[in-house]
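> need coordinates for the below:
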Amino acid sequence: MAGTVKLKDIYLGVPDGATEAQNEKFQELFYDPNNKYDELMKSNEKFLVVGSKGTGKTYLANYIIAKSPRNRMSEIVDANNFSLYKLSNLYDMELSNDLIRALCKWFLLDNISQLLLKRHILKSRFPFFKLGKLRKFVDQYDNISFFKDIKKIDTDSKESGFVKEKRAVTDIKSNSSALNFGFAKGMSIEAERKQFYELINSYEKLVLQSFSKSDDVLLIIDDLDEVEKDRKKAGDIIITLINVVKEYNLKNKKIKGKLKIILLLRSDILSELQAKNANLSKIKTSCSVELYWLFDSMSEQYNHPLISMVLHKVKASCPGYRDMDNKKLFNELFPENIDNKRPLDYLLDYGFGRPRDIILYLNHTKREFPEDTCFSAVALKEARKLYSSDFYDEMLNQAAFHQSPEYVKQCLGLLASVKKSSFYYAKIQDIYTKNKDKYPEILNLDDALTFLYKIGAIGNVWRIDKGSKAHTCWSYKKDAMDEVDLSKKFTIHYGLRKKFSL
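Numbers count the residues shown, from 1 in each chain. Sure, this is the predicted structure:
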């Protein structure tokens, strides 16, 4: 059968980890070359999964859920379920650190309590059990109207319950949830703030005391880059959530059962946030598991983690290839060089060294040449245009956390207007100076080039000596320079070139 299997009959996975997790062979298809699953799950200290967008964070999270023992209560919560719907009711309030911390705690306690109550439906019906008291608390306070009351109080008083200035609240209806919240007519803002923390602490104590020895709770928080469109607010929320999750994971030793909370976070976002909080560097070093696939091109291409991943999925999905060794299978699927590059090097040039890039490119090739039996040079080159369009869209999406969509589009538009794959500063400066009206969001060219370098759209290229091999530096590689060198030549990422008609 080898050599006759058509590309349309090979399964390579899909770029979205949550979607692939729905495959009936998901656990067999899962590939973890560096044992990140064990590193994360066998350590009480590890709770942060870090990696670039598309490196497999959600993929790993779904595998963890799939592998969970029957008695474990586990759930993945994404940004759409994040309790910032409660913060959205407070947008006109000043989001102080205290308020953010309190609401992050509420979000975690809310999800933990729901898992416990779902498991112990019968016990939670009796008020003399801790779980019964927990259900009563949740029924009373865990609703949107409760948080809307906070907003109403703030609107009436023109002051947040988490600001330094004191002001009396003069008009709160006696039947409002606010009374349960510790507010009463004539009470000061200082008193309101104290009562709020008493409520949070009571909720926390009640949740942790509701654990039994047999309880095992696993909560995974995904898509943190989607928690808030305002970058500053998002950064403050993510930093706070990381610190609160660390605190709750440490409380695992103080409860009867087991509790583990895992956060999935993009590495570019974590790097940006480290400038805001010195503690994050220590947390990354001690408490994180990093997903990184972009190792230097190996002498044996089939041993590279990204190629090994492809071969693993092919074997798992195609009986005719199941028992073939990786070297032979690689030669079957990738029989020739492309533009004088080895298949591995060619594929790495067109992506950021992520599983998502490789899968996306090869799937486009499959769809264009379904009857082929290998990924030939012709097929891979023909698939570039379709892939490049998707790669561009992915870059827009990823960069949206760091800058406004219009700024990102204008920076990439300026880059496309150069009409050359490589250029010097003077070239793009001339285009920008003559066409500033087309790029109103770009106030400083140097800042724009720095941004384009950070998102991987451009790199620096240079030669040590005349005739020597060219060196290229990309920000997404571990050995990259932190900042772009404006005096060196720039090169546009291969993944964008077809999109830019280069």
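> and for residue 479, the neighbour number?
Using other Cβ atoms under 10 Å, residue 479 has 7 other residues around it. The C-beta positions use only the backbone N, C-alpha and C, and glycine is treated the same way.
> begin at 877 from now on, thanks
Sure thing, new numbering starts at 877, so read that last one as residue 1355.
> so it: helix, strand or coil?
Following DSSP: H, G, I helix; E, B strand; the rest coil, we place residue 1355 in the coil state.
> partners of the longest strand seen in the chain, with directions?
Counting residues, the longest strand found in the chain (DSSP state E) is strand 1134-1142. Using DSSP bridges, the strands paired with strand 1134-1142 in its sheet are strand 924-927 (parallel), strand 1092-1097 (parallel).
> all strands for the stretch 1177-1326 of the chain, in order.
Secondary structure of the stretch 1177-1326 of the chain (DSSP state E, counting those that start in this stretch): strands at 1298-1299.
> mind showing which ranges of it have poor pLDDT?
For the stretch 1177-1326 of the chain, no stretch is flagged by pLDDT under 70.
> for the protein, name the helix or strand with the lowest mean pLDDT.
Least confident helix or strand of the chain, by mean pLDDT, DSSP states H and E, is helix 1053-1056 with a mean of 34.
> would you mind finding the most buried of the strands paired with strand 1134-1142?
When these are scored by mean count of other Cβ atoms under 10 Å, the highest mean neighbour count falls to strand 924-927 (a mean of 24).
> relative to residue 1287, how far out is the closest residue to residue 1305 other than its chain neighbours?
The shortest distance from residue 1305 to any non-neighbouring residue, by Cβ to Cβ, 6 or more residues apart in numbering, is to residue 1321 (6.0 Å). Look at residue 1321 and residue 1287: by Cβ to Cβ, to the nearest Å, they are 10 Å apart.
> and the top helix by length along the chain, how far out from the chain middle?
In the chain, with assignment by DSSP state H, the single longest helix is helix 973-995. Relative to its parent chain, helix 973-995 has a centroid offset of 21 Å by Cα atoms, centre = their mean, to the nearest Å.
> hmm, who's touching the next helix or strand after it?
Toward the C-terminus, helix 973-995 is succeeded by helix 1006-1017 as the next helix or strand (DSSP states H and E). Under the criterion Cβ atoms under 8 Å, 6 or more residues apart in numbering, residues 986, 989-990, 992-993, 996, 999-1003, 1053, 1056, 1075, 1078-1079, 1082-1083, 1085-1086 lie in contact with helix 1006-1017.
> repeat for stretch 913-923
The list of residues contacting stretch 913-923 from outside it, by Cβ under 8 Å, 6+ apart, reads 925, 936, 939-940, 943, 1121-1122, 1125, 1128, 1136-1139, 1162-1165.
> in PDB, list the C-alpha atoms belonging to that stretch.
Taking Å, rounded to 0.1, in the frame of the first residue of the first chain, the C-alpha atoms of stretch 913-923 are listed here in PDB:
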ATOM      1  CA  TYR A 913       1.800  16.400  29.800                       C
ATOM      2  CA  ASP A 914       3.800  14.600  32.500                       C
ATOM      3  CA  GLU A 915       5.800  17.700  33.300                       C
ATOM      4  CA  LEU A 916       2.600  19.600  34.000                       C
ATOM      5  CA  MET A 917       0.500  17.000  35.600                       C
ATOM      6  CA  LYS A 918       3.100  15.400  37.900                       C
ATOM      7  CA  SER A 919       4.200  18.600  39.500                       C
ATOM      8  CA  ASN A 920       2.200  20.500  42.000                       C
ATOM      9  CA  GLU A 921       4.100  23.700  41.200                       C
ATOM     10  CA  LYS A 922       3.500  23.800  37.500                       C
ATOM     11  CA  PHE A 923       0.300  25.500  36.500                       C
END
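> which elements pack onto the longest helix of the chain?
Counting contacts by 3 or more Cβ pairs under 8 Å, 6 or more residues apart in numbering; DSSP states H and E, helix 973-995 packs against strand 948-953, helix 960-964, helix 1006-1017, helix 1065-1085, strand 1092-1097, helix 1107-1126.
> would you reformat those as CSV and include distance to residue 1239 and mean pLDDT?
Below are these laid out as CSV (distance: least, Cβ to Cβ, whole Å; pLDDT from 0 to 100):
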stretch, distance to residue 1239, mean pLDDT
strand 948-953, 24, 94
helix 960-964, 34, 47
helix 1006-1017, 44, 86
helix 1065-1085, 44, 67
strand 1092-1097, 26, 96
helix 1107-1126, 31, 89
